[in-house]
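> Sequence first, predicted model second:
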Amino acid sequence: MSVGDYIRNSQIWRSVFRHPAPTDRRNRVVVMLTNFFLHLHPVSVKQQGIALSYTWCMGGITFFLFLLETITGVLLMFYYRPTIEYAYNDMKYLQFDVPFGMIMRNMHRWAAHAMIIAVWLHMFRVFMTGSYK
């Protein structure tokens, strides 16, 4: 048995992908309603529902802010040690001695705040427009 067959016959694979690729609209609905990744792509979308002025790109903005958080967080990990002995001195070192350290820290902080706002606005729009139905 190959590795691919072993993975496709595993319980995890079957719980995530419960049906084969759909061939018609009815099967597509069944696949989407039982799929683990349902929230990523709806079964059908109205044309006006995906207009740029209607969605405000909140999902894309949130994803961009998540990437910014990840990149700046990884870079900040090189200079910060979260212990009682080192935390304060590491922050002072990051602010005053590391090139662009203050900018990197502020980008990380403001991206976190902006991501919370973007997620809230995204969920508010989804709720108010009934897009979850």
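The structure has been received and is ready for your questions.
> in the chain, which ranges drop under the pLDDT threshold?
Segments of the chain classed as low confidence (criterion: pLDDT under 70) are 15, 34-46, 48-50, 52-54, 132-133.
> host element of the residue nearest in space to the middle of the chain?
By Cα atoms, centre = their mean, the mean C-alpha position of the chain lies nearest to residue 63, the distance being 5.1 Å. Assigned by DSSP states H and E, residue 63 falls within helix 58-77.
> Could you tell me how far that helix lies from the centre of the chain?
Chain-centre distance of helix 58-77: 9 Å, with Cα atoms, centre = their mean, to the nearest Å.
> how about the helix or strand following it as PDB, C-alpha atoms only?
Reading on from helix 58-77 to the C-terminus, the next helix or strand found by DSSP H and E is helix 87-96. The C-alpha trace of helix 87-96 is given here as PDB (Å, rounded to 0.1, in the frame of the first residue of the first chain):
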ATOM      1  CA  ALA A  87      11.700  41.300  29.700                       C
ATOM      2  CA  TYR A  88      12.200  45.000  30.700                       C
ATOM      3  CA  ASN A  89      15.800  45.200  29.600                       C
ATOM      4  CA  ASP A  90      15.000  43.400  26.300                       C
ATOM      5  CA  MET A  91      12.200  46.000  25.600                       C
ATOM      6  CA  LYS A  92      14.600  48.900  26.300                       C
ATOM      7  CA  TYR A  93      17.200  47.300  24.100                       C
ATOM      8  CA  LEU A  94      14.600  46.700  21.300                       C
ATOM      9  CA  GLN A  95      13.400  50.300  21.500                       C
ATOM     10  CA  PHE A  96      16.600  52.200  21.600                       C
END
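> Many thanks, have a good one.
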